[in-house]
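K.L.:
Mind looking at a prediction? Sequence and model below.
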Amino acid sequence: MIYDYLVIRFGEIAIKGKNKKTFVIKLEKDVREKLSRFTRLEIKRHYDDIEIKLNGEDGQAVIKILQSVFGIQNISSAIKAGKDLDSIREGILRIVSEETEAKTFKIAARRKDKRFPIHGSELNRELGAWVLTHCDRLSVDVHHPDLMLRVEVGVHETRIYGHEYRGAGGLPVGTSGKLLLMLSGGIDSPVAGYLMAKRGAVIEAIHFQSPPYTSDRAKQKVIDLTKKLQSFGGKINLHLVPFTNAQLAIRDQVPEDYRVTMMRRLMFRIAEKVAAKTGALAIATGESLGQVASQTLESMNTINQVTNLPILRPLIAMDKLDISRIAKQIDTYDISIRPYEDCCTIFLPKAPRTRPDRKHAAHFESFLDSDALVDEAVQGVETLTIDGRENEDAFSSLL
Ligand code: ATP
Ligand code: MG
């Protein structure tokens, strides 16, 4: 590849006003961390972008990694030229002769340095004519060019951009505080975690398991999902909660049609305590309105009663098909459809109540020793730290 630079552009961070610098510094840190194995890269932070000099490193491999970093709107490959017309022309020709597939082009030139004597539109004409006389293969297409050549004349040098690659968008991880993700082995909750990490949240994950009714393979599934999520958002503490006794108590003491409601109320009570221990300020779930009995407004209203923490439901207005599409994009789908049961599916009725109310729920809950069940579960929490930087062996020794 002839391009010796990559330029990272910010999305929403760019409009953060006074806070912009904090966001950009965090993004630079994330970029450096993710690219640490490419030792020859030179990374420089500017006001409007982060510039990477490749120094012979594999540009495509670097781009692929950058596309998973939140806070990046797009990444352009680029070369540099001097601030004289000849040098810019020469740079343009270098790109044109590399991009042999392109049949049409457009020049989009901009003067950042207002002292540069040629205006943007004049530069467009000048460079466009130059390409036409030097390359028979190419013609101009201002609407849908195969090759968009952006030229930016800066204070010290000129950058000429080739391809633009889409970034993941969002905000740098950690700029939005910490939340506790209720992570099941299903399709939805990993997507919810991904979307929240994309908005800059640090994720802690909590998973309820009911051994021996749930298997080690169900646990492994959740660990594998967490591993996927951490590849986007960084290190994740996964809190595994022993939930068997709570489920047995619910089975024995609560009428069938209220068991799902009761189980979810206990889950929220436990999650609230774990959140307090970890400093998480909210709980996130993979619920989507109307998807199943426990996700009607009546259910959510009744379940929410037990906690004052904000419950974030990033998938609430999404269809299952759209959620599944994201799951495939982020590579969690195939893990989620592994057939192992999680704790929600055992002991639960075929026809749970779709419109539970708070009064009945509180009444049935009084049959349970909720506080003791919650305390026992919280005390039995096993926490795994899932961090991509550890090697596989160190990781599996945790299991
Ligand atoms: P998912 O695909 O995320 O499992 P779902 O459509 O199967 O969701 P439910 O089983 O009703 O729906 O669960 C709703 C939400 O409750 C999940 O998205 C998840 O956030 C949380 N949840 C369910 N089961 C567990 C569990 N065993 N551990 C942790 N959280 C859970
Ligand atoms: Mg589920």
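P.N.:
Perfect, thanks for sending it. Numbers count the residues shown, from 1 in each chain. Ligands and ions are numbered 1, 2, ... in the order given.

K.L.:
Surely residue 13 and residue 172 touch.
P.N.:
Yes. With contact defined as CB atoms under 8 Å, residue 13 and residue 172 form a contacting pair (7.3 Å). Any C-beta I mention is one placed from the backbone N, CA and C, and that applies to glycine too.

K.L.:
Spit out the residues that contact the two alike.
P.N.:
Between them, residue 13 and residue 172 share these contacting residues under CB atoms under 8 Å, 6 or more residues apart in numbering: 23, 27, 71.

K.L.:
name the helices or strands packed onto the helix or strand hosting the first one?
P.N.:
Read that as residue 23. According to DSSP states H and E, residue 23 maps onto helix 20-34. Packing partners of helix 20-34 (3 or more CB pairs under 8 Å, 6 or more residues apart in numbering; DSSP states H and E): strand 5-10, strand 42-45, strand 49-53, helix 59-66.

K.L.:
With respect to ligand 1, which of the shared contacts of residue 13 and residue 172 is nearest?
P.N.:
residue 71 (25.0 Å; CB to the nearest ligand atom).

K.L.:
Just to check, the closest one is in contact with residue 9?
P.N.:
No. Using CB under 8 Å as the test, residue 71 is too far from residue 9 to be in contact (10.3 Å).

K.L.:
In terms of packing, which of the two has more residues around it?
P.N.:
Neighbour count, other CB atoms under 10 Å: between residue 71 and residue 9, residue 71 has more, with 27 against 16.

K.L.:
Any regions of this protein where pLDDT drops low?
P.N.:
Applying pLDDT under 70 to the chain flags the ranges 14, 343-346, 389-399.

K.L.:
now the closest residue to ligand 2 within it, nearest residue through space, not along the chain?
P.N.:
Nearest to ligand 2, among the residues of the chain, is residue 186, at 3.3 Å (CB to the ion). Among residues not flanking residue 186 along the chain, residue 336 sits closest, at 5.8 Å (CB to CB, 6 or more residues apart in numbering).

K.L.:
burial measure for the residue of the stretch 101-250 of the chain found nearest ligand 1, as a count.
P.N.:
Nearest residue of the stretch 101-250 of the chain to ligand 1: residue 186, at 2.2 Å (CB to the nearest ligand atom). Under the neighbour criterion other CB under 10 Å, residue 186 is assigned a count of 19.

K.L.:
go on, residue 376?
P.N.:
Residue 376: 14 neighbours (other CB under 10 Å).

K.L.:
Nearest spatial neighbour of it, chain-adjacent residues omitted?
P.N.:
residue 245 is the one closest to residue 376 (CB to CB, 6+ apart), at 6.3 Å.

K.L.:
ok so, going back, relative to residue 211, how far out is the residue of the stretch 101-250 of the chain closest to ligand 1?
P.N.:
Per CB to CB, to the nearest Å, residue 186 is found 19 Å from residue 211.

K.L.:
Also residue 39?
P.N.:
From residue 39 to residue 211 the distance is 45 Å (CB to CB).
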